[in-house]
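1. Build me a model:
(4 chains)
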4 protein chains.
Amino acid sequence: MNLDDDQKEALRKRLRRAEGQVAAVGRMIEEDKYCVDVLMQVRAAMAALGKVGHIVLENHMDTCVSAAFMAEDDAERKAKIRELMSVFARYGNFGGR
Amino acid sequence: MNLDDDQKEALRKRLRRAEGQVAAVGRMIEEDKYCVDVLMQVRAAMAALGKVGHIVLENHMDTCVSAAFMAEDDAERKAKIRELMSVFARYGNFGGR
Amino acid sequence: MNLDDDQKEALRKRLRRAEGQVAAVGRMIEEDKYCVDVLMQVRAAMAALGKVGHIVLENHMDTCVSAAFMAEDDAERKAKIRELMSVFARYGNFGGR
Amino acid sequence: MNLDDDQKEALRKRLRRAEGQVAAVGRMIEEDKYCVDVLMQVRAAMAALGKVGHIVLENHMDTCVSAAFMAEDDAERKAKIRELMSVFARYGNFGGR
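-> All right, here's what the predicted structure looks like:
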């Protein structure tokens, strides 16, 4: 990743928030909270991680993908597209598995 | 979209397949099939549409996004990234809503 | 499915709406619309199908699952839970594949 | 949640695994790993959390939902269904938002 100090700090902050959400799941399990509340907290933790992913992806397009496309090396450009499509398939939701 | 005739025909074929899957949902409803089987067929139809989306997105990156990035117009490049992130957020699954 | 006439008609209506959204994708492909707009329309069609699935699932829990649970046949109850978990895994999004 | 000691321990183990995956994301950020590898690790962490959710949901159906359905209190049964549908909508993927 090509992150300047501010971006890295922003990403760390986001990750700490996700860790906080995960820790909350742990507490709810210990305290025998109602299943549905635990499920919602698990989802919140997943969403917090998703935001980390969002920042990483946006940065990836702004740096690595942009550089590869601008270099006008067709093979490299195609490789980057394939890679993005695989990220998309993994996260994304084309309804398949 | 910038599709040549072969690509357009491939996309049409994919879409017809999706339409076939949707039609199968309709038949299953009329024939009072078991709910879980209907649910799986609905999902198959969604996945078939997802494949249409997959082709469109890949083509988008190979044409529009590539052109915008190669033009080295920074504002245009940033706009394309924002657009891709919004597609990603809509389809994708960062765990949020 | 155990649908009364009103429920079946409501489901048909939902499905027709989904078919309309799928047809719109087809028109947009023929008219060479902008990729991102096509992608958003594909997603709208998927969402319309998702609403069909939502109704079917809700009905399934209200009829088949309820009946199985009330019958207090433990094997049957466990089978229904397993089935729901597989629907959930298929549609749902536990972040895995 | 109504978990016996073994189930609770299993859930704790799953959660610790998820925490390990989240920690790995943090290390990768510090070590400036390649964006796509970080994205895949973020997704792995989300999937590990998803498995926690999977166990909680299965347990929920086996205990709370089963009890509510067997009690044959129609209002309570409907409330549980609504709750499950909201979990499903939150995690699940009916293609909507």
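2. Tell me how far the residue nearest the centre of chain A lies from C:Val36.
-> In chain A, the residue lying closest to the centroid (Cα atoms, centre = their mean) is A:Gly53, at 1.3 Å. Distance of A:Gly53 to C:Val36, computed by Cβ to Cβ, to the nearest Å: 21 Å. C-beta coordinates here come from the backbone N, C-alpha and C atoms, glycine included.
3. ok, now A:Leu49?
-> Distance from A:Leu49 to C:Val36, by Cβ to Cβ: 26 Å.
4. Enumerate the residues of chain A near chain B.
-> Neighbours of chain B within chain A, by Cβ under 8 Å from any Cβ of the partner chain: A:43, A:46-51, A:53-54, A:57-58, A:61-62, A:65-66, A:69-70, A:72, A:77-78, A:81, A:84-85, A:88-89, A:91-97.
5. Mind checking which of the residues you listed land in strands?
-> Residues from those lying in strands, with DSSP state E as the criterion: none.
6. Can you say which of these are buried?
-> With burial judged by 16 or more other Cβ atoms under 10 Å in any protein chain shown, the buried subset of those is A:43, A:46-51, A:53-54, A:57-58, A:61-62, A:65-66, A:69, A:77, A:81, A:84, A:88, A:91-96.
7. which residues in chain A form helices?
-> Using DSSP state H, the helices of chain A run over A:5-30, A:35-60, A:66-70, A:74-91.
8. Can you say which of those helices is packed in most?
-> helix A:35-60 (a mean of 23; mean count of other Cβ atoms under 10 Å in any protein chain shown).
9. and the angle for that one with helix D:5-30?
-> Inter-element angle recorded for helix A:35-60 and helix D:5-30: 20 degrees (by axes from the mean of the first three to the mean of the last three Cα atoms, to 10 degrees).
10. Helix A:35-60 versus helix A:74-91: what angle between them?
-> 170 degrees.
11. picking up where we left off before, would you mind giving the helices of chain A as a markdown table with distance to D:Ile29 and mean pLDDT added?
-> Formatted as a markdown table, these follow (distance: least, Cβ to Cβ, whole Å; pLDDT from 0 to 100):
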| stretch | distance to D:Ile29 | mean pLDDT |
| --- | --- | --- |
| helix A:5-30 | 6 | 96 |
| helix A:35-60 | 8 | 94 |
| helix A:66-70 | 20 | 90 |
| helix A:74-91 | 17 | 91 |
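12. Please identify which of those is closest to chain D.
-> Among these, the nearest to chain D by Cβ to the nearest Cβ is helix A:35-60 (3.6 Å).
13. helices or strands up against the closest one?
-> helix A:5-30, helix B:74-91, helix D:5-30, helix D:35-60, helix D:74-91 (3 or more Cβ pairs under 8 Å, 6 or more residues apart in numbering or on different chains; DSSP states H and E).
14. quick revisit: skip the chain neighbours and tell me the closest residue to the residue nearest to the centre of chain A.
-> D:Val42 (4.2 Å; Cβ to Cβ, 6 or more residues apart in numbering or on different chains).
15. need the contact list for that neighbour.
-> Each residue near D:Val42 by Cβ atoms under 8 Å, 6 or more residues apart in numbering or on different chains is listed here: A:49-50, A:52-53, A:56, D:25.
16. and the closest residue to A:Arg17 other than its chain neighbours, what is it in contact with?
-> Leaving aside its chain neighbours, A:Arg17 sits nearest to A:Ala48 (5.4 Å; criterion: Cβ to Cβ, 6+ apart). Neighbouring residues of A:Ala48 by Cβ under 8 Å, 6+ apart: A:14, A:17-18, A:20-21, B:95.
17. now the nearest residue to A:Ala24 once chain neighbours are set aside: how far from A:Tyr34?
-> Nearest residue to A:Ala24, sequence neighbours excluded (Cβ to Cβ, 6+ apart): A:Gln41, at 5.6 Å. The gap separating A:Gln41 from A:Tyr34 is 11 Å, by Cβ to Cβ.
18. Quick check: neighbours shared by the two?
-> With Cβ under 8 Å, 6+ apart, A:Gln41 and A:Tyr34 have no common neighbours.
19. Between which two of the contacts of D:Val42 is the distance greatest?
-> The most widely separated members of those, counting by Cβ to Cβ, are A:Gly50 and D:Val25 (11.8 Å).
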